[in-house]
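Colleague: The sequence isn't on hand, but the structure is:
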């Protein structure tokens with residue numbers, strides 16, 4: 001099992017999200033705790049985001065990096081898909 005940690009920006013987004021989105025994000029975090037690499041909604045990012053992975057949650061994206069040696073998932077960004085890669 002991995003531990004999921006939210007960076008300040010991601011935590012702020014999560015706190016301000018409405019209840020249905022928070023529930024969907026919680027389900028996403030449960031998947032990441034078990035397997036941060038294997039899921040149909042998971043894609044490794046390239047270019048300036050190399051080293052990061054994204055999880056699609058509807059119109060939102062959870063961008064994170066995995067520290068396998070520490071069994072840690074660090075969620076850097078949660079945002080709407082049109083805003084996440086800016």
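Modeller: Thanks, I have it. Please read all numbers here as calculations on a predicted model, not as lab measurements.

Colleague: just for the protein, where's the confidence low?
Modeller: 86 (pLDDT under 70).

Colleague: the helices in it, which residues?
Modeller: Secondary structure of the chain (DSSP state H): helices located at 8-16, 19-34, 81-84.

Colleague: you'd agree residue 55 is up against residue 27?
Modeller: No - taking contacts as Cβ atoms under 8 Å, residue 55 lies outside contact range of residue 27: 10.3 Å. All C-beta spots, glycine's among them, are computed from the backbone N, C-alpha and C.

Colleague: With neighbour numbers in mind, choose between those two.
Modeller: residue 55 (22 against 11; other Cβ atoms under 10 Å).

Colleague: what comes up buried for stretch 67-74?
Modeller: Neighbour-count burial for stretch 67-74, counted by 16 or more other Cβ atoms under 10 Å, picks out 73, 74.

Colleague: How about residues contacting it?
Modeller: Here stretch 67-74 makes contact (Cβ atoms under 8 Å, 6 or more residues apart in numbering) with 1, 2, 3, 4, 5, 7, 32, 33, 36, 64, 65, 66.

Colleague: Now do the end-to-end distance for that stretch.
Modeller: With Cα to Cα, to the nearest Å as the measure, the ends of stretch 67-74 fall 8 Å from one another.

Colleague: ditto for stretch 12-24
Modeller: Termini of stretch 12-24 sit 16 Å apart (Cα to Cα).

Colleague: contacts for it?
Modeller: Under Cβ under 8 Å, 6+ apart, the answer for stretch 12-24 is 6, 25, 57, 58, 60, 77, 78, 79.

Colleague: Nice, that's everything, thank you.
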